[in-house]
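Engineer: The following block contains a protein sequence and its predicted model.
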Amino acid sequence: MPFSTPLAVALFITIWVVVLFAVLPFGVRSQSESGDFVPGTDPGAPMAPRVLNKILWTTGLSVVVFCLVIAAVIFLG
């Protein structure tokens with residue numbers, strides 16, 4: 001491992017958060033798009049955000065990106 005454990009954990013968490021923000025908008029339909037309004041809410045609020053599904057996708061993609069970063073440091077550094 002080219003990094004110390006705390007640095008590797010911090011790097012993975014940073015990658016995870018960045019990937020989460022990239023994955024969050026995928027497949028989201030707003031109330032105005034679906035035509036089903038809940039009184040008192042914003043029309044742009046998501047109907048079914050499927051957060052658990054996005055967390056699983058985020059974790060998988062983050063592992064891939066983290067492995068690519070480690071490979072780049074090992075082979076290019």
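Structural biologist: That came in fine, so what should we check first? Predicted, not measured: the structure shown is a model, and the values here were computed from it.
Engineer: Just the element for the residue nearest the centre of the chain, please.
Structural biologist: Of all residues in the chain, the one closest to the mean position by C-alpha atoms, centre = their mean is Leu20, 1.6 Å from it. In the assignment (DSSP states H and E), Leu20 maps to helix 5-23.
Engineer: hmm, who's touching that helix?
Structural biologist: 1, 3, 54-55, 57-59, 61-62, 65-66, 69 (C-beta atoms under 8 Å, 6 or more residues apart in numbering). (Glycine included, C-beta is placed from N, CA and C.)
Engineer: so how far is the helix or strand of the chain with the lowest mean pLDDT off the chain centroid?
Structural biologist: One helix or strand of the chain scores below all others by mean pLDDT, DSSP states H and E: helix 31-34, with a mean of 86. The chain centroid and the centroid of helix 31-34 are separated by 23 Å, computed with C-alpha atoms, centre = their mean, to the nearest Å.
Engineer: Likewise for stretch 9-28?
Structural biologist: For stretch 9-28, the distance to the chain centre is 3 Å (C-alpha atoms, centre = their mean).
Engineer: For that stretch, which residues meet the burial criterion?
Structural biologist: 11-12, 15-16, 19-20, 23 (16 or more other C-beta atoms under 10 Å).
Engineer: closest to Phe75 among those?
Structural biologist: Leu11 (16.9 Å; C-beta to C-beta).
Engineer: measure the closest one to Cys67 for me?
Structural biologist: Look at Leu11 and Cys67: by C-beta to C-beta, to the nearest Å, they are 12 Å apart.
Engineer: Next: Phe21.
Structural biologist: 20 Å.
Engineer: what do you get for Val19?
Structural biologist: Counting by C-beta to C-beta, the gap from Val19 to Cys67 is 13 Å.
Engineer: could you give me the average pLDDT of stretch 12-27?
Structural biologist: For stretch 12-27, mean pLDDT rounds to 96.
Engineer: right, I mislabeled it, should have said stretch 1-8
Structural biologist: Mean predicted confidence for stretch 1-8 is 92.
Engineer: Quick one: end-to-end length of that stretch, please.
Structural biologist: Counting by C-alpha to C-alpha, to the nearest Å, you get 9 Å between the two ends of stretch 1-8.
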